[in-house]
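this is a predicted model, with the sequence first.
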Amino acid sequence: MALSVSIVPNIPAIFGFLFLALISWFSARSLERALKDLRSTNANLDQLVTERTRALVESLARERIEAGRSIAILESITDGVIVYDIHGKAIVANPATTQLLSLPHEQVINSSKDDLTRAKALNANDRRILSDLLTNPGQQPASYRLHWGKKTFSVSSAQVFDTEETRIGTVAVFRDFTHEAEIEKMKDTILATVSHE
């Protein structure tokens, strides 16, 4: 149409538009490549997040199973077990503990070592011994006999360490030794009687 009206086409403008179109085309291809790379990276990240999430879920499931086993073992032990944290607060106590000590579970959990040593069932000497066992585990004899009211316990304690060998608390184990103590007392009485005669 421009030729029929005798208008001379503006060649530099046409070349300018063609050059601009060529640059736009190269830019679009470059952006297209960048978007394709971004989509690929995004897909890889999605896959990595999915794999990590799956691994964390599996790890959590293993931890729950292991914790469940530990709880089942702890609850089936007939000896009383109390675990104290690094600050001396009871954080775990199995059912046997409350039964042996004749104390409610709520009175044992969240109580301090000192609360246990102030129990009315202990005499002054046994209070001191129990306090030493709980405060300095490993520095006392392996186990010690305590009189708790009418019962006799063999009590032992040990330090508790985490996987990095950092001390995280103390565990105390109370074993009912009443029957054995009575037998020993009867045996001593019989021996004393026999040797006296």
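Received, thanks.

got the domain ranges for this protein?
10-76, 78-186 (automatic domain parsing).

most tightly packed of the ones you listed?
domain 78-186 (a mean of 16; mean count of other C-beta atoms under 10 Å). C-beta here means a position set from N, CA and C on the backbone, and glycine is covered the same way.

residue ranges in the chain under the pLDDT threshold?
1-5, 140-141, 196-197 (pLDDT under 70).

and residue 80, how far from residue 51?
Remark: distance between residue 80 and residue 51 (C-beta to C-beta, to the nearest Å) = 45 Å.

what does residue 180 give?
According to C-beta to C-beta, residue 180 and residue 51 sit 57 Å apart.

swap in residue 184?
Distance from residue 184 to residue 51, by C-beta to C-beta: 62 Å.

and for residue 194?
77 Å.

residue 111 too?
45 Å.

ok, residue 128 next?
Counting by C-beta to C-beta, the gap from residue 128 to residue 51 is 57 Å.

now do stretch 116-135: everything it contacts.
82, 84, 88, 90, 101-103, 108, 113-114, 139-140, 144, 146-149, 155-157, 170, 172 (C-beta atoms under 8 Å, 6 or more residues apart in numbering).
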